[in-house]
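Novice: My questions concern the predicted model and sequence given below.
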Amino acid sequence: MRSLISSLDLSKGDVQGILKIAKEIKEGKVPKLEGNVVLLFLEPSTRTRLSFERACRELGLEASVVTGSESSLVKGESFFDTLKTFEALGFRCVVFRVPFVFFPYEDAVRSLKISLINAGDGTHQHPTQGLVDLFTLVEKLGDLSGVRVLYVGDITHSRVFRSGAPLLRMFGAEVSVSGPKNLIPRDVKVFGIEKVFDSVDEGIEWADVVIWLRIQKERQREKLIPSEEGYFKNFGLTKERYSKIKKFFMHPGPVNRQVDMEGELVYSEKSLIYEQVKNGVFVRMAVLRWCLEDG
C-alpha cells in the first residue's frame, strides 16, 4: 500500500506523477475509486479537511470523519492501535491530522495494510499542502528553475515550510527565509536554504514569489512575539511591500489579517491564496488516487 507521510519520501517521478493526475482531474478527467476512507482530524481545520472530504466524494469514496473528542485516543489508546482498528474495520485509507510529530513512522507504515496520508502532524510535515503550493506555482509560472521563493514568518513551527521547501528545490527553485530570529531554526541551512534575510524588505527584493506563514501561537511554549503590531510592521505584507513583489505571493491559511498581511491584500491581483484553496481539492484527489489506485 502506498502512503504519503513526508514530502521527503517522494521522488521527482512520484511528484511529477501526482501533478499530472491533478492536472488531468482539473481538466475534467476524474477517476472513480471504491472503498472507505477515515478522516482522523485531531486538530482544527477548514481548508484541508473540507478539501479531503470533497476529494473523497468526487472520487466515489465514502469518508468517515473522526474528530479529537470522538476518538479513543482521548482515552489513552495509542495512535498505532487506532490505525490498526481502522484497518480491522476494512478502511482502505486514513487521512490524519494530529498535534504530535509522527516520527519515526517507517515501521508503523510497513506493518499496516492500509494507506496513510499525512494532513499535518505537529511541526513535522504537511505534504499535501506542499504539493498544492508546488502545483499552483507550476500552473502559474511553468518551469520553476531559478525562481526565487521566500518564506516569511514562523519558520520554526511551520510544517508547510518543511514540506514545501524540498519540493520547490526539487523542481529548481531557490528558497530563502525571513522572520524574527527566534522563529528561524538554527539548522535552517539543512533544508537547502539559500539565504536568511533579517530584513523582509531585502528578502522581497531578492524573491520572485513570497509565501507568508501564520504565527503558530498554539505551538509556542512561551510567547515569542511580544507584539503583533510590531510583527506586522517588521514582517507583514503592507501596501508598500506589496508594490515591490515581482510576481505573486501565497499563504497556506488561515490568514491572520493585520498580522500576516493587510486585509484588503488577501485576494489582490498578485495573490494566489484563492487558487491555492481551489487547487487543494484537485491535488488531494490526485494523492488519494496515487495511494489507492496506482498502489
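Specialist: Arrived safely.
Novice: going forward, measure contacts and count neighbours with C-alpha atoms only.
Specialist: Noted.
Novice: how close does residue 81 get to residue 112?
Specialist: 10 Å (CA to CA, to the nearest Å).
Novice: number of nearby residues for the residue nearest to residue 73 when sequence neighbours are not counted?
Specialist: Distances taken as CA to CA, 6 or more residues apart in numbering put residue 79 closest to residue 73, at 6.8 Å, once the chain neighbours are dropped. Per other CA atoms under 10 Å, the neighbour tally for residue 79 reads 14.
Novice: Quick check: bridge partners of residue 4?
Specialist: residue 117 (DSSP bridges).
Novice: what residue ranges in the stretch 101-250 of the chain score low on pLDDT?
Specialist: Across the stretch 101-250 of the chain, the ranges flagged by pLDDT under 70 are 217-224.
Novice: where do the strands sit along it?
Specialist: Ranges of strands in the stretch 101-250 of the chain, per DSSP state E, counting those that start in this stretch, are 115-121, 148-152, 174-178, 196-197, 209-212, 248-250.
Novice: what packs against the fifth one?
Specialist: Translated: strand 209-212. Packed against strand 209-212 by the contact rule (3 or more CA pairs under 8 Å, 6 or more residues apart in numbering; DSSP states H and E) you find strand 148-152, strand 248-250.
Novice: so which of these is the most packed in?
Specialist: Highest mean neighbour count of those: strand 148-152, a mean of 26 (counted as mean count of other CA atoms under 10 Å).
Novice: Show me what that one is packed against.
Specialist: On a contact count with 3+ CA pairs under 8 Å, 6+ apart, strand 148-152 meets strand 174-178, helix 200-206, strand 209-212.
Novice: ok now the longest one, how far from the chain's centre?
Specialist: In terms of CA atoms, centre = their mean, to the nearest Å, the centre of helix 200-206 is set 23 Å apart from its chain centre.
Novice: cool, and stretch 150-159?
Specialist: For stretch 150-159, the distance to the chain centre is 12 Å (CA atoms, centre = their mean).
Novice: Check stretch 283-293 too.
Specialist: Put simply, stretch 283-293 sits 16 Å off its chain's centre (CA atoms, centre = their mean).
Novice: Now that stretch: buried residues?
Specialist: Of all the residues in stretch 283-293, those buried under the rule 16 or more other CA atoms under 10 Å are 283, 284, 285, 286, 287, 288, 289, 290, 291, 292.
Novice: For the closest residue to the third one other than its chain neighbours, the count of nearby residues, please.
Specialist: It stands for residue 285. Distance criterion CA to CA, 6+ apart; nearest residue to residue 285, sequence neighbours excluded, is residue 55 at 4.8 Å. By the criterion of other CA under 10 Å, residue 55 has 23 neighbours.
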